[in-house]
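[1] One predicted model, sequence on top.
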Amino acid sequence: MSDRLTADLAEGIARARDTDYLNMNALLTEGERALLAKVRVFGDRELLPIVNDYWERGEFPHEILPKLAALNIVGDTMSGYGTTPMSAVGQGLVSYELGRLDGSIGTFLGVHVGLAMQSIYQLGSEEQKQRWLPPMAALEKVGAFALSEPDHGSDSVALESTATRDGDTWILNGRKRWPGNATWCDVIVVFARDTADGTVKGFVVEKDDPGYSATKIDGKVSLRMVQNADIVLDEVRVPDDRRLVHCNGFPDVAKVLMGTRNMVAWSSAGHAVAAYEIALTYAQRRIQFGQPIAQRQLIQSQLVQMLADVTAMQLYCIRLGRLLDEGEVTDTMAALAKYYCSVKARDVCRQARDILGGNGITLEFHVMRHLCDMEALVTYEGTAEIQSLIVGREVTGSGAFV
């Protein structure tokens, strides 16, 4: 940055300030606190210095994979198979802290762990789990997850990709859109409709399977480091031992998605706390009309509203995680948390951009990256509108999807 004054304003502005106004920390176990601290130190040291450059170029920083592997944060309530034991709250804290740092890195891990690995863990046989999960837990193999299609996003239950049994193999045909990691992953969990019985089944496709192709979706202005893809399945033949044996319909897929909404809620809270902390630091540093703008009533009012929203998100997430750990969460609870946190986090990022004025649109101040990334989080794993209809159906007793 050529301007020294602006460089001083931006110096270290995205480093953590440990915002925790209602002492969320007291609700965590010792192990959860240690996990949060470990990811926070790693992120500030290893990720913050590189994320803006990679985000601007739209490339994924493959160099961080060995460092992430050494951090031992692949767990998400799974046990065994080389995973790191952690609660749903613990996994949430990982998502929260990665969200504070960068949405693309958080999404990469969410897809790999919460979607690909959890699909195999929840829906696969013991042999299948033993085959794929250990190398995925070590980040030696990277996973992806293919559900949405060009014509089916919110109504993914109506997916049109097909799976046809042919002796001891299955033939997959169709198209998928938006899977993260899909241009470079080693394995991808693909969901397709069985042409014999009409039910949705899951399959593990490997990157070198003939007929599988993934083309990067260019031109994104959100989660730019995530390598999303358009996928073509053209007579992809996979052996029967790669069919996830416990996936026998869309309700089985929905079980996996419920857990990822926990991650998205936490990640949204992470984006929000990052934006709030950046805005607070900036307001204390930025001098206008002879004094820091933090002394102005309007700025203080905005900061307090942002803090209130961030604090509410933290408490939402803690409660959702505990309900998951206790086996008491419902799909509507997860939907409400995902809805509230993603919508409020986007609002917090917008307010932070306003407080930073013109500097708010530059990557050096990080806020615009968080705001752009939040546009994706409001949409993926079920749009805010669909989440509201899921909860609305439950509280009113009337479905409004059609």
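    Yes, it's here.
[2] neighbours of Arg296, just the number please.
    Neighbourhood size, Arg296 [other C-beta atoms under 10 Å]: 14. C-beta: built from backbone N, CA, C; applies to glycine.
[3] in the top helix by length along the chain, what's buried?
    In the chain, with assignment by DSSP state H, the single longest helix is helix 250-285. Neighbour counts over helix 250-285 (16 or more other C-beta atoms under 10 Å) mark 250, 252-253, 256-283 as buried.
[4] Can you give the distance of that helix from its chain's centre?
    8 Å (C-alpha atoms, centre = their mean, to the nearest Å).
[5] For the spatially most central residue of the chain, give me phi and psi.
    The structure's the chain has its C-alpha centroid closest to Thr107; by C-alpha atoms, centre = their mean the separation is 3.6 Å. Backbone torsions of Thr107, given as degrees, to the nearest 10, read phi -70, psi -40.
[6] Not including adjacent chain positions, what is the nearest residue to it?
    For Thr107, ignoring the flanking residues on the chain, the nearest one in space by C-beta to C-beta, 6 or more residues apart in numbering is Val226 at 5.1 Å.
[7] surely the one you found meets Gly106?
    No - under the criterion of C-beta atoms under 8 Å, Val226 makes no contact with Gly106, lying 9.6 Å away.
[8] packing partners for the longest strand seen in the chain?
    Looking across the chain with DSSP state E, the single longest strand is strand 229-239. Other elements packing on strand 229-239 under the criterion 3 or more C-beta pairs under 8 Å, 6 or more residues apart in numbering; DSSP states H and E are strand 169-177, strand 187-194, strand 200-206, strand 212-216.
[9] thinking again about what came up before, can I take it that the residue nearest to Thr107 is in a helix?
    No - assigned with DSSP: H, G, I helix; E, B strand; the rest coil, Val226 falls outside any helix and is coil.
[10] re the thing from before, most packed of the helices and strands packed on strand 229-239?
    Ranked by average neighbour count under the criterion mean count of other C-beta atoms under 10 Å, those are headed by strand 187-194 at a mean of 25.
[11] Ile318 touches Ala26, doesn't it?
    No - counting by C-beta under 8 Å, Ile318 does not reach Ala26; the two are 10.3 Å apart.
[12] Which one of the two is surrounded by more residues?
    Ile318 (20 against 8).
[13] Let me see the mean pLDDT of the host helix or strand of that one.
    Using DSSP states H and E, Ile318 sits in helix 297-325. With pLDDT averaged residue by residue, helix 297-325 scores 97.
[14] Can you name every helix or strand that whatever helix or strand comes next after that helix contacts?
    Later in the chain than helix 297-325, the nearest helix or strand by DSSP H and E is helix 331-355. Where contact means 3+ C-beta pairs under 8 Å, 6+ apart, helix 331-355 is packed against helix 250-285, helix 297-325, helix 367-379, helix 384-396.
[15] Looking at these, which is nearest to Asp208?
    Ranking the helices and strands packed on helix 331-355 by proximity to Asp208 (C-beta to C-beta) places helix 250-285 first, at 25.0 Å.
[16] Next secondary structure element downstream of that closest one?
    Downstream of helix 250-285, the next assigned helix or strand under DSSP H and E is strand 287-288.
[17] residues touching the nearest residue to Val113 once chain neighbours are set aside, list them.
    Distances taken as C-beta to C-beta, 6+ apart put Asp76 closest to Val113, at 4.8 Å, once the chain neighbours are dropped. Taking C-beta atoms under 8 Å, 6 or more residues apart in numbering, we find Asp76 in contact with 83, 86, 88, 91, 113-114, 117-118, 259, 263.
[18] now swap in Arg193 and tell me
    159-163, 199-201.
[19] try Leu298
    Contact analysis of Leu298 by C-beta under 8 Å, 6+ apart lists nothing.
[20] From here on, call the first residue 484.
    I'll keep to 484 as the first residue from here, and by that count the last item is Leu781.
[21] measure it to Ala828 for me?
    22 Å (C-beta to C-beta, to the nearest Å).
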